[in-house]
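Engineer: sequence and predicted structure are below.
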Amino acid sequence: MTAKPTNEPAPDQTALDSAVPEAAVPESVAPESVAPEASVPNEAVAPLLRGITVLRRLTEADGVTLSLSGLEKATGLARSTVDRVTATLARMGYVRLDGRDVTLAPRLMELGNAYLAALRLPALLSSRADALADELDESVSLAVGDRDGIRFIHQATRRRAMSLSFRIGDRLPAERTAPGPLFATEWTPADWQRWHARRAGDPQDATFPAVPPRDPTTRDPAPSFEHRTTQAATEGWCVDDQLIEPGLVAVSVPVRDPGTGRLACVASVVSHTSRHTAPDLRAALLPQLREAVTTMENDLRAAPPPAPGQPRTDLATWTSASKQELGREFVESLARGLTVLTAFGEGRSRLTLTEVARATGLSRATARRALITHTHAGLITASRDHTFSLTPRVLSLGFPPLSRASLPDIAQPHLTALAARVGESTALAVLSDSGEEIQYTARAAAGRVLTAHVPVGTRLPAHATALGRVLLPHPEARTQGYALVDEELEAGLRAIAAPVRDRTGTVVAAVNVAMHTARRTREACELDILPELLHTASHIEADLRVAGRFILIPPT
């Protein structure tokens with residue numbers, strides 16, 4: 001197991017060989033969207049930088065839909081540029097366009113998944129973190145260093161009225177956390193200089209939207225940060241005593257890469273002062289946390305080398321076809337630039353330029369300019385051995401808000417689109433714990449006077465509904481792949497349903513179309529409605545496969 005170091009050497013431009021003479025300078029890019037201390041390289045791809053800026057502004061909106069005019073204002077880009085960028089992102093499945101409104105889509109999580117898969121730590125350690133959270137009945141998190149901050153890569157959160165609200169991908173200032181001093185033990189003088197510059201320029205932590213702004217009337221954690229770092233280096237653990245906000249306490253222990261001895265990540269137990277004070281947290285829970293970390297390090301030591309997955313190699317062909325179909329509205333250089341991030345993954349944590357080009361089907365020149373752009377944006381780091389790797393900052397592209405999506409959240413846009421296409425009401429349901437009822441968790445109504453209206457939360461007998469027969473091990477429904485029920489629940493009601501499966505192939509929900517029997521015969525339902533229904537189920541499943549790769553998706 002080779003964990004990615006938390007602090008890479010400065011990018012070496014010799015790794016970016018085979019220079020391309022054409023230059024591209026961004027029209028307008030918000031300063032915080034790229035590395036602020038570096039000027040834009042002449043060979044950076046301007047549309048790619050603009051696309052990254054749009055995705056980050058949508059991420060900062062925290063899952064809230066933004067209008068095209070709102071994006072224009074937030075990014076400083078021309079409206080025509082925003083229109084073309086969002087049209088391209090929509091074609092890629094990374095955003096959804098609803099008239100003039102733009103929303104992040106689950107497919108975007110494939111970028112963050114590429115980083116997490118390349119890192120390997122969530123796959124190897126998350127079950128240990130989950131087990132510790134169950135044992136202690138407290139929240140447990142895994143974090144990696146991200147420049148002068150930390151970024152979460154796994155969360156095992158207790159469901160309480162007072163519970164942790166941080167998400168995978170959220171970035172916090174190092175000095176206000178328990179993991180921060182542990183990561184700072186490996187900082188270089190340049191890292192400390194960057195931290196001091198950030199503290200001077202952002203004393204209230206406004207550039208960290210995941211944490212509340214620091215109250216100027218409370219103690220400043222910065223003056224003691226270097227002392228906490230020295231203590232962390234000596235003691236091998238660190239405590240956060242309400243530095244993020246009043247009531248929140250945490251204790252952290254480093255998880256070290258057995259091959260290099262450097263920090264692979266940091267494991268933390270998080271609670272609140274009504275359950276544990278900081279000294280009590282250290283005394284009561286630190287021994288168990290240390291024991292769990294020892295087990296994690298043993299897991300890393302015993303992990304076999306990763307087997308490289310097979311990346312898509314037809315991406316260049318797909319982008320060319322999309323450009324031919326959509327014309328000027330499709331920004332091919334943006335689409336190709338973002339696909340470079342998906343070249344990385346499990347067994348592909350470090351790639352050469354040639355390997356990136358081969359994995360994406362792009363030319364070396366195109367791949368090289370994308371790598372230059374991503375390095376400038378802080379999403380990729382170049383090493384002196386002529387290899388490239390993703391940085392935790394890839395998680396800033398939509399992952400935090402999307403990581404909290406439930407199955408109904410994922411399904412709702414697809415249900416709405418299905419209802420519009422077939423002109424009938426649609427719904428999503430799951431099986432109750434008893435296995436005897438179904439519970440409606442999402443629905444979309446059709447614009448009809450007479451329509452099937454079953455509110456979200458309604459429970460119905462599973463055996464009498466098409467949804468229930470798909471969810472139950474019903475022989476006929478399992479063979480056909482769908483179920484059609486006529487007037488068994490209510491006179492005049494006909495419904496047809498199909499299963500929704502997760503990444504493992506397990507049926508986790510069902511989607512249906514319901515109508516009055518006078519509008520369509522059984523044969524018409526199977527001929528006209530069923531293909532649309534199966535198409536919708538497959539799209540929900542595709543989103544679920546991406547969103548559920550490293551996240552447990554709540555069914556309701």
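Structural biologist: It's in.
Engineer: and the closest residue to Arg459 other than its chain neighbours, what pLDDT?
Structural biologist: With Cβ to Cβ, 6 or more residues apart in numbering as the criterion, Arg459 has its nearest non-adjacent residue at 4.5 Å, and that residue is Glu437. The C-beta positions use only the backbone N, C-alpha and C, and glycine is treated the same way. Note for Glu437: predicted pLDDT of 95.
Engineer: and for the one 3 residues further on?
Structural biologist: pLDDT, the model's per-residue confidence, is 95 for Tyr440.
Engineer: now do the phi/psi pair for it.
Structural biologist: Dihedral pair for Tyr440: phi -70, psi 130, per degrees, to the nearest 10.
Engineer: burial of it, as a residue count?
Structural biologist: The local packing of Tyr440 (other Cβ atoms under 10 Å) involves 21 other residues.
Engineer: isn't it right next to Gly457, touching?
Structural biologist: Yes. If you go by Cβ atoms under 8 Å, Tyr440 and Gly457 touch, sitting 6.5 Å apart.
Engineer: can you pull the domain assignment for the chain?
Structural biologist: Split into domains by automatic domain parsing, the chain comes to 13-105+310-402, 121-302, 407-547.
Engineer: to Ala114, which of these lies closest?
Structural biologist: With Cβ to Cβ as the criterion, Ala114 lies closest to domain 13-105+310-402 of those, at 4.9 Å.
Engineer: what packs against the helix or strand harbouring Arg494?
Structural biologist: According to DSSP states H and E, Arg494 maps onto strand 493-501. Judged by 3 or more Cβ pairs under 8 Å, 6 or more residues apart in numbering; DSSP states H and E, strand 493-501 is in contact with helix 466-471, strand 483-486, strand 507-516, helix 530-547.
Engineer: quick one: that strand to helix 530-547, angle?
Structural biologist: Put simply, strand 493-501 runs at 30 degrees to helix 530-547, going by axes from the mean of the first three to the mean of the last three Cα atoms, to 10 degrees.
Engineer: by how many degrees do strand 493-501 and strand 507-516 diverge?
Structural biologist: Using the same axes, to 10 degrees: strand 493-501 against strand 507-516 is 160 degrees.
Engineer: what sits against the closest residue to Thr88 other than its chain neighbours?
Structural biologist: Nearest residue to Thr88, sequence neighbours excluded (Cβ to Cβ, 6+ apart): Val331, at 4.5 Å. Val331 sits next to 47, 51, 84-85, 88 when contact means Cβ atoms under 8 Å, 6 or more residues apart in numbering.
Engineer: ok so, going back, just checking: what are the partner strands of the strand holding Arg494?
Structural biologist: Applying DSSP bridges, strand 493-501 is found paired with strand 483-486 (antiparallel), strand 507-516 (antiparallel).
Engineer: most tightly surrounded among those strands?
Structural biologist: Most buried of those by mean neighbour count (mean count of other Cβ atoms under 10 Å) is strand 507-516; its value is a mean of 24.
Engineer: from the chain's centre, how far out does it sit?
Structural biologist: Offset of strand 507-516 from its chain centre (Cα atoms, centre = their mean, to the nearest Å): 28 Å.
Engineer: now do the strands in the stretch 251-400 of the chain.
Structural biologist: With strands called from DSSP state E, counting those that start in this stretch, the stretch 251-400 of the chain shows them at 263-272, 380-382, 388-390.
Engineer: sorry, that was for the stretch 51-200 of the chain
Structural biologist: 66-67, 95-98, 101-104, 139-146, 149-156, 171-173.
Engineer: what comes into contact with the second one?
Structural biologist: Contact with strand 95-98 is made by 58, 65, 86-87, 89-90, 102-105, 108, 413, as judged by Cβ under 8 Å, 6+ apart.
Engineer: gap between Val513 and Asp205?
Structural biologist: 49 Å (Cβ to Cβ, to the nearest Å).
Engineer: that should have said Thr458, apologies.
Structural biologist: 44 Å.
Engineer: the two: which is more packed in?
Structural biologist: Higher neighbour count among Thr458 and Asp205: Asp205, with 21 against 15, using other Cβ under 10 Å.
Engineer: can you pull the contacts of Ala90?
Structural biologist: Taking Cβ under 8 Å, 6+ apart, we find Ala90 in contact with 96-97.
Engineer: where's it relative to Gly51, distance?
Structural biologist: Distance from Ala90 to Gly51, by Cβ to Cβ: 12 Å.
Engineer: surely Arg275 and Glu138 touch.
Structural biologist: Yes. Counting by Cβ under 8 Å, Arg275 does reach Glu138; the two are 7.5 Å apart.
Engineer: who has more neighbours out of those two?
Structural biologist: Legend: neighbour count by other Cβ under 10 Å for Arg275 and Glu138, higher for Glu138 (27 against 15).
Engineer: isn't that one right up against Ser268?
Structural biologist: No. The criterion here is Cβ under 8 Å, and Glu138 misses it with Ser268 at 9.9 Å.
Engineer: tell me the contacts of Val45?
Structural biologist: By Cβ under 8 Å, 6+ apart, the residues touching Val45 are 24, 333-334, 337, 369-370, 372-373.
Engineer: out of those, flag the one nearest to Leu121.
Structural biologist: Ala370 (25.6 Å).
Engineer: sorry, back to before: of all the domains of the chain, which lies closest to Tyr115?
Structural biologist: With Cβ to Cβ as the measure, domain 13-105+310-402 is the member of those nearest Tyr115 (4.2 Å).
Engineer: how distant is the closest one from the center of its chain?
Structural biologist: Centroid separation for domain 13-105+310-402 versus its chain: 16 Å, with Cα atoms, centre = their mean.
Engineer: pLDDT on that domain, on average?
Structural biologist: Averaging pLDDT along domain 13-105+310-402 gives 86.
Engineer: and what of stretch 254-263?
Structural biologist: 96.
Engineer: cool, and stretch 182-199?
Structural biologist: Mean predicted lDDT for stretch 182-199 stands at 96.
Engineer: repeat for stretch 539-550
Structural biologist: For stretch 539-550, the per-residue pLDDT averages 96.
Engineer: could you export that stretch as PDB, CA atoms only?
Structural biologist: Extracted in PDB, the C-alpha atoms of stretch 539-550 (Å, rounded to 0.1, in the frame of the first residue of the first chain):
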ATOM      1  CA  HIS A 539     -30.800   6.300 -15.200                       C
ATOM      2  CA  ILE A 540     -31.500   6.200 -11.400                       C
ATOM      3  CA  GLU A 541     -29.300   3.200 -11.100                       C
ATOM      4  CA  ALA A 542     -26.500   4.900 -13.000                       C
ATOM      5  CA  ASP A 543     -26.600   7.800 -10.700                       C
ATOM      6  CA  LEU A 544     -26.700   5.500  -7.700                       C
ATOM      7  CA  ARG A 545     -23.700   3.600  -8.900                       C
ATOM      8  CA  VAL A 546     -21.600   6.800  -9.000                       C
ATOM      9  CA  ALA A 547     -23.000   8.300  -5.800                       C
ATOM     10  CA  GLY A 548     -22.800   5.100  -3.800                       C
ATOM     11  CA  ARG A 549     -19.200   4.100  -4.600                       C
ATOM     12  CA  PHE A 550     -17.800   5.600  -1.400                       C
END
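Engineer: what comes into contact with that stretch?
Structural biologist: Stretch 539-550 is touched from outside by 105-107, 109-110, 113, 116-117, 122-123, 126, 154, 168, 402, 405, 407, 410-411, 414, 428, 500-503, 508-509, 511, 553, with contacts defined as Cβ under 8 Å, 6+ apart.
Engineer: centre of the chain to that stretch, how far?
Structural biologist: Stretch 539-550 sits 11 Å away from the centroid of its parent chain (Cα atoms, centre = their mean).
Engineer: buried residues, it. List them.
Structural biologist: 539-541, 543-550 (16 or more other Cβ atoms under 10 Å).
Engineer: ok, which of the helices and strands packed on strand 493-501 comes nearest Gly70?
Structural biologist: Gly70 lies closest to helix 530-547 among the helices and strands packed on strand 493-501, at 24.4 Å (Cβ to Cβ).
Engineer: just to revisit the earlier point, out of the contacts of Val45, which one sits closest to Thr295?
Structural biologist: Ala370 (39.4 Å).
Engineer: next, the contact list for the closest one, please.
Structural biologist: 45, 48, 336-337, 340, 362.
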